[in-house]
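# here's my sequence, what's the structure:
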Amino acid sequence: DTGPRVKVFSNSAAYFLNPAGIDWSIASDLTVINADVDAQGLLDRVVVGDLGGNLWRFDMAGNDATAWKGKRLAILSDPGVPNRKILFPPTIVPQKDPFPAPWDAVYVGTGDREHPLVTPSSDKMFMVVDRDTGITARNEPAASFVAGDFLPLAVSETSGVVPSALTSKRGWVRDLEPGEKVTGAPFVFNQRLRFGTYNPTAVTSACLPPGEGRLNEVDALFGSLVELAEWDTFCNARD
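Just a heads-up that it's a prediction; the model follows:
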């Protein structure tokens, strides 16, 4: 009502469950949900990615802002200088199988919208398993792409991950073609994950410059390729 600052998640360890600080800018919109489904319409969890390829979760339960905590859910870049940016908000979908207890699937893609024509890139689409479905997260290490915490899916692989293998991992990751980038927030409908990408090197017609926009559809749970629908392009010759 009056504009005072309620909470700041700085790099202080006191604000985070696992040893982590926010060292990269956050350019993405936030994904905010009512995690405890208390029928009050109160938003108590925020998930967002940063420009260093880190995925963050913030729990804001109750009126005591000093008890709110942050946690790094996943590290999605390679070691050294981060090579994947998260510029679009993730999507969170409650799931039941194949784990014995309910869990949340967090879908997020990487891609440098600031440099769409850069081709030496290795962007990907991730499904991150978050087993803390309530308003309190556990103090555990972040899932790491480098450490092999995600089941890999090649760009041309049509089959998804094996359900039994997923139970021992922190999610799956689907490769994109070299230079291909995620260009928007993913969304899930009817257990299908859909996300847009752009490949600056793809050639759709001899009449047009290189570059192709794509709408991808995969199984939301296991990552199997459902459909790749390329945007129709037309070459109109002038009389």
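# what is the neighbour count of L208?
Residues lying near L208 (other CB atoms under 10 Å) number 12. (Each C-beta comes from the backbone N, C-alpha and C, glycine too.)
# so who does K71 touch?
F16, L17, N18, A20, W56, R57, F58, D59, A137, N139, A142 (CB atoms under 8 Å, 6 or more residues apart in numbering).
# likewise E177?
Applying CB under 8 Å, 6+ apart, the residues near E177 are V155, N199, A202.
# the closest residue to A165 other than its chain neighbours and L55, how far apart?
Of all residues not flanking A165 in the chain, L151 sits nearest, at 5.9 Å (CB to CB, 6 or more residues apart in numbering). The gap separating L151 from L55 is 17 Å, by CB to CB, to the nearest Å.
# who has more neighbours out of the two?
Set L151 next to L55 and count neighbours by other CB under 10 Å: L55 wins out with 23 against 20.
# tell me the SS of that one?
Classification of L55 using DSSP: H, G, I helix; E, B strand; the rest coil returns strand.
# what pairs with the strand or helix carrying P152, and is each one parallel or antiparallel?
Using DSSP states H and E, P152 sits within strand 151-153. As defined by DSSP bridges, the strand partners of strand 151-153 come to strand 171-175 (parallel).
# next helix or strand past the strand it pairs with?
strand 181-182.
# returning to what we had before: ChimeraX command to pick out the buried ones of the contacts of K71?
The following ChimeraX line selects those of the contacts of K71 that are buried, judged by 16 or more other CB atoms under 10 Å:
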select :16,17,18,20,56,57,58,59,137,142
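# and the contacts of K71, which of them are in strands?
W56, R57, F58, D59 (DSSP state E).
# show me the beta-bridge partners of the last one.
Same thing as D59. Counting by DSSP bridges, the residues bridging with D59 are R45, K69.
# wouldn't it be in contact with V47 here?
No: with contact defined as CB atoms under 8 Å, D59 does not reach V47; the gap is 10.2 Å.
# still on that earlier bit, what's the first helix or strand after the strand holding P152?
helix 163-166.
# on that earlier part again, got the contact list for the residue nearest to A165?
L151 neighbours (CB under 8 Å, 6+ apart): V161, A165, L166, K169, G171, W172, V173, G223.
# so after the helix or strand harbouring F195, what's the next helix or strand?
Element membership for F195, per DSSP H and E: strand 192-199. Next along the chain after strand 192-199, taking DSSP H and E as the criterion, comes strand 212-219.
# okay, now the sheet partners of that following strand, with direction.
strand 192-199 (antiparallel), strand 225-230 (antiparallel).
# looking at those strands, which has the lowest confidence?
When these are ranked by mean pLDDT, strand 225-230 comes last with a mean of 62.
# dead centre of the protein: give me the residue that sits there.
V108 (1.3 Å; CA atoms, centre = their mean).
# who's that one bridged to?
F126.
# same check, this time on E212
Under the criterion used (DSSP bridges), E212 bridges to N199.
# do the same with V182
T197.
# what about it, how many residues nearby?
V182: 27 neighbours (other CB under 10 Å).
# now it: how far from L225?
16 Å.
# check the gap between A220 and N63 for me.
35 Å.
# if you count surrounding residues, which of these two has more?
Per other CB under 10 Å, whichever of A220 and N63 has more neighbours is A220, with 24 against 7.
# test my guess that I75 contacts F145.
Yes: I75 lies in contact with F145 (CB under 8 Å); the separation is 6.5 Å.
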